[in-house]
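A.B. asks: 3D, please:
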Amino acid sequence: MYNDNIKYIKLARENNEEAMEILIKNNSGLIWNIVKRFLGRGYEADDLYQIGSIGIIKAIKRFDTNLDVQLSTYAVPYIMGEIKRFIRDDGIIKVSRQTKELAVKIKQIQNEYLNKHGEEITIKQISEILKISKEEIASAIESSNSVDSIYSVEGASTDDRMLIEKITDNTDEYNNIVNKITLTEIIENLDKREKEVILLRFYKEQTQSQVGKILGITQVQVSRIEKKVLDKMRLKLEAV
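C.D. replies: Numbering: from 1, shown residues only. All right, here's what the predicted structure looks like:
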C-alpha cells in the first residue's frame, strides 16, 4: 500500500486529478477521525471534512517521497492545521453563513484549479465561474483567512520577519491585540488592487513575481504597492 501511495503521490504532484482523488479517498478515514475531534462546536461535519481535504492536498503537494514516513503521518498536522485555522478565523471575525459557505466553495475551486493546472487561479477567474463580483470573492477569501496570518513568515522572502514585525516591533500583548484588530480594519479599507496584493503576498505566501503573474502586473509594481500598503499600515498603527 505504501509503495502504491508513492506512485500516486508522484502522479498527484504532476497534477494527475485521478491520483489525487485516489489519495484523498484512501485517507478519508484519517480526515474523518480528525474531523470528529472538532465536532460539537457548531460546524457541519461535511464542511470540516472539506476543509480537512484541503489539508491533505497541501500535504501531498509538499510531501517528499524520499522521507521515511507515511503520508498519513505527514498529513496529520496539515489536516488539523486547516481545520483549526478555519475555526479560529470564524471565531475572530464573525461572518454570515452565506459568506462562510462561499469561502468553502472558493477554496474547493482554488484547489481543483491548482491540482489541474499547477498554478493559482485568479480572483477574476473565480468571479467568472461563480458569476459574482470580484469584490464578493475577495471579501469571502479575506473572511476565511486568519488574522493570525500576520504572524506568519513569508515563505519566499529573504526577510524572515513576520508581517506584524514589519509594521511594528511592539511586543506588548495588549497592543498586539489592538494591532490585530486595527490591521483587519485597515485591510478592509484597502482598494481592490492593494487588497489583492496583500492577500496573495501575506495570506497565500506568493512571491512578488507570482503575484504579478496572477494580477497581470510587473514585479516592480507589486513591490511598490506592497511598500505603499505597509507604510500605510505602519502610520495607522502608530496613531492607535
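A.B. asks: and the host helix or strand of M80, average pLDDT?
C.D. replies: Using DSSP states H and E, M80 falls within helix 71-92. For helix 71-92, the mean pLDDT works out to 79.
A.B. asks: Could you give the separation of it from the chain centroid?
C.D. replies: Distance of helix 71-92 from its chain centroid, counting by Cα atoms, centre = their mean, to the nearest Å, is 11 Å.
A.B. asks: Check the offset of the next helix or strand after that helix from the chain's centre.
C.D. replies: Moving toward the C-terminus from helix 71-92, the next helix or strand (DSSP H and E) is helix 97-117. Mean C-alpha position of helix 97-117 versus that of the full chain (Cα atoms, centre = their mean) differs by 11 Å.
A.B. asks: May I see the buried residues of helix 97-117?
C.D. replies: Residues of helix 97-117 classed as buried: 99-100, 102-104, 106-107, 109-111, 113-115 (neighbour count, 16 or more other Cβ atoms under 10 Å). Every C-beta, even on glycine, is put in place using the N, C-alpha and C of the backbone.
A.B. asks: Tell me the helix or strand right after that helix.
C.D. replies: Sequence-wise, the next helix or strand downstream of helix 97-117 (DSSP H and E) is helix 123-130.
A.B. asks: Where does E18 sit, in terms of helix or strand?
C.D. replies: Going by DSSP H and E, E18 is in helix 17-26.
A.B. asks: and the residue nearest to the spatial centre of the chain, what are its phi and psi?
C.D. replies: Most central in the chain under Cα atoms, centre = their mean is K204, positioned 5.0 Å from the mean C-alpha point. Geometry field for K204 lists phi and psi as phi -100, psi -10, criterion degrees, to the nearest 10.
A.B. asks: Can you give me the pLDDT of E128?
C.D. replies: 90.
A.B. asks: quick one, what contacts it?
C.D. replies: Under the criterion of Cβ atoms under 8 Å, 6 or more residues apart in numbering, E128 has no neighbours.
A.B. asks: Okay, it and I22: tell me how far apart.
C.D. replies: E128 is 30 Å from I22, where distance means Cβ to Cβ, to the nearest Å.
A.B. asks: how many neighbours does G216 have?
C.D. replies: G216 has 9 neighbours, counted by other Cβ atoms under 10 Å.
A.B. asks: now do K134
C.D. replies: K134 has 16 nearby residues by other Cβ under 10 Å.
A.B. asks: Next, count neighbours for G42.
C.D. replies: Neighbours around G42, by other Cβ under 10 Å: 7.
A.B. asks: mind checking the SS state of it?
C.D. replies: Secondary structure state of G42, per DSSP: H, G, I helix; E, B strand; the rest coil, is coil.
A.B. asks: pLDDT score for it?
C.D. replies: For G42, the model assigns a pLDDT of 76.
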